[in-house]
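Participant: what's the 3D shape of this:
(one chain, ligands or ions: 1)
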Amino acid sequence: MKEIKIERPIFPKKTVITAGMPYGNKELHFGHIGGVFVHADTFARFLRDRIGNENVIFVSGTDCYGSPISASYLKLVEEDQYEGSIQDYVRKNHEKQKEVLSKYEMSLNLYAASALDRAGEVHKEVSKEIFNKLYEDGYLVKLSSPQFYDSDFKVLLNGRQVVGKCPIEGCNSDKAYADECALGHQYMPNELIEPKSALSGKTPELRDVTNWYFKLEEYNNTLIEKVNYLRDNSNWRKNLLNTIEEFLKPPVIYVKRKQLEGIINLEEKLPKHTVIDEQKNLLLLSYLKIYKIGIVQEKYLMISEFVLELVKH
Ligand SMILES: [Zn+2]
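Facilitator: Model (predicted):
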């Protein structure tokens, strides 16, 4: 009889298991429990059984940062349904989330909140350390871009909180946001026709806002090497690695051959780019999504997002 050899699984000595972090603007529904926590909990229990309770940490928590939270909060306040501070609001939701997870007997070692109590302090310290290190070593650059401001609510509005009419000739879409219309036309915020704030319904001001940006280009190769290393030496999900790789590729603009003439006329006005002739299509390799504000978005990665991602994972 032929002998079948089955390899035994190798377990890690110590492990940290995480489950997705729900936003602090809501309570949990069954989709969160059944779709996110049950799998992680099962895995945590299984590993505790194999490598010992003391070697497994199962951790998750409330994500306290993100525009959906302030949007939900402002809406409730506006409708006179909530009176407390935004901190109170997030804490209330966090406590409810925690309670539900405990009722479902999720075996979490820690369910904290990224802006509250000790976890909040750690989050702040770690973020500060990363920012300072990047700043001291010269990896950051300061850039300004115009952004809409609602003076009634005293807040800067995100792209979706401003609606007007598309300025692109012949479009007339009235579902045009700060720099992009529903049909995908892109423009500068100051070109948007009749902009209205989704919060106050009034015409918002345009203010120059300065942000710190990370010089992504300079670290592109290092990051690509890192992705390749993970591909060969880890069990990271392939589609995740593909997404990161896609993101690190230089931006390109495809131009139809029949529109070539227009582009040749524009050639001098375009920023530094490489032209690749792909036979069927002409491929323009450029660092711009659109040649007005694109530079900021394509050349640099906005620092806040970068740091938040680093802190999260
Ligand atoms: Zn449009």
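Participant: can you give me the helices in this protein?
Facilitator: 30-32, 38-51, 67-78, 86-103, 117-136, 216-233, 238-248, 260-266, 294-299, 303-312 (DSSP state H).
Participant: could those helices go into TSV alongside mean pLDDT and distance to R207?
Facilitator: All C-beta spots, glycine's among them, are computed from the backbone N, C-alpha and C. Formatted as TSV, these follow (pLDDT from 0 to 100; distance: least, Cβ to Cβ, whole Å):
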stretch	mean pLDDT	distance to R207
helix 30-32	91	37
helix 38-51	96	42
helix 67-78	87	17
helix 86-103	96	22
helix 117-136	93	23
helix 216-233	89	25
helix 238-248	87	29
helix 260-266	72	31
helix 294-299	33	16
helix 303-312	36	17
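Participant: what residues does the chain put near the ion?
Facilitator: Listed as neighbours of the ion in the chain under the rule Cβ under 5 Å from the ion: C166, I168, C171, S173, C181, L183, H185.
Participant: just the buried residues of the residues you listed.
Facilitator: Buried subset of the residues of the chain next to the ion (neighbour count, 16 or more other Cβ atoms under 10 Å): C166, I168, C171, C181, H185.
Participant: how near is the second one to L192?
Facilitator: For I168, the distance to L192 under the criterion Cβ to Cβ, to the nearest Å works out to 10 Å.
Participant: swap in the first one?
Facilitator: If you measure C166 against L192 using Cβ to Cβ, the figure is 8 Å.
Participant: and if you look at I17?
Facilitator: 46 Å.
Participant: N265 now?
Facilitator: 27 Å.
Participant: which of these two has more neighbours?
Facilitator: L192 (24 against 9; other Cβ atoms under 10 Å).
Participant: surely that one is in contact with A176?
Facilitator: Yes - counting by Cβ atoms under 8 Å, L192 touches A176, with 6.0 Å between them.
Participant: shared neighbours, the two?
Facilitator: G164, K165, C166, P167 (Cβ atoms under 8 Å, 6 or more residues apart in numbering).
Participant: tell me, how many residues neighbour P12?
Facilitator: 11.
Participant: excluding chain neighbours, what is closest to it?
Facilitator: I51 (7.0 Å; Cβ to Cβ, 6 or more residues apart in numbering).
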